[in-house]
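Participant: sequence and predicted structure, then a few things I'm wondering about:
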Amino acid sequence: MERPECACFSSGPCAKRLGWKVPLCKFVGRSHRSADVMKILQESARLLKKVLKIPENYYVGIVGASATGAIEALMWSLLGEREIDVLACCIFSNLWANDIVEELKIPGTRLIREDFPKLSDMSRADFNRDLVFCLSSTTSGASYRNLDLIPDDRKGLTICDATSAVFAMDIDWTKLDATSFSWQKGLGGEAGFGSIVLGPRAVSRLESYKPDRAIPR
């Protein structure tokens with residue numbers, strides 16, 4: 001087997017693009033709460049929205065703890081009003097399923113399982129319930145071809161971990177109510193930041209539903 005010219009690839013932090021150099025930044029080490037750094041974060045969120053063609057009525061936010069912090073923030077804040085279906089078929093979707101069942105202890109959670117590397121059958125999901133799933137399996141590369149099975153008149157929320165898909169495939173954002181991802185897969189470094197995208201239905205849930213548990217700040 002011939003070794004590729006650049007063999008620096010993995011399912012974790014990825015190689016920088018060719019020609020990348022460490023940027024000279026006077027804000028290295030500064031608090032993310034400082035006014036100057038807040039401007040950089042706000043501009044980053046604006047550019048994410050532009051590059052990913054996210055609808056104007058959707059919100060983009062940046063959070064700590066990478067993709068894990070992002071999806072956990074969504075689950076802890078949004079889940080519990082309805083019963084839940086989880087498409088559990090890869091390392092990360094099984095982690096989120098475990099957290100919903102064992103940590104949040106939300107009753108009525110149904111796991112739609114499939115053995116790795118296959119994807120769970122989305123047609124089995126009940127969209128009157130909330131749905132939690134990974135759009136792409138990070139460690140196998142298997143991805144849902146599209147989101148056509150998600151109805152526009154769904155009653156539940158669709159909560160999607162799109163870490164390995166968001167920079168690699170076109171996404172119909174109208175099918176996703178709350179989405180999380182990290183920068184590492186598309187931009188070549190862990191960085192410790194996660195991103196969240198909230199549609200109008202998720203915002204409405206946040207405004208109207210108060211979980212019966214403590215929510216981390």
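Facilitator: Arrived safely, thanks for sending.
Participant: which of the helices and strands in the chain ranks last by mean pLDDT?
Facilitator: One helix or strand of the chain scores below all others by mean pLDDT, DSSP states H and E: helix 184-187, with a mean of 59.
Participant: after it, which helix or strand is next? Please name it.
Facilitator: strand 193-198 (DSSP states H and E).
Participant: show me what the longest helix seen in the chain is packed against.
Facilitator: Criterion DSSP state H: the longest helix present in the chain is helix 35-51. Counting contacts by 3 or more Cβ pairs under 8 Å, 6 or more residues apart in numbering; DSSP states H and E, helix 35-51 packs against strand 59-64. C-beta: built from backbone N, CA, C; applies to glycine.
Participant: go through the strand it packs on and flag the buried ones.
Facilitator: Using 16 or more other Cβ atoms under 10 Å as the test for burial, strand 59-64 gives V60, I62, V63.
Participant: do the same with stretch 151-158
Facilitator: Residues R154, G156, L157, T158 are the ones in stretch 151-158 that count as buried (16+ other Cβ under 10 Å).
Participant: average pLDDT for that stretch?
Facilitator: Averaging pLDDT along stretch 151-158 yields 98.
Participant: cool, stretch 165-175 as well?
Facilitator: 92.
Participant: residues contacting the closest residue to G64 other than its chain neighbours?
Facilitator: Nearest non-adjacent residue to G64, counting by Cβ to Cβ, 6 or more residues apart in numbering: G192, 6.5 Å away. Contacts for G192 (Cβ atoms under 8 Å, 6 or more residues apart in numbering) come out as G64, A65, S66.
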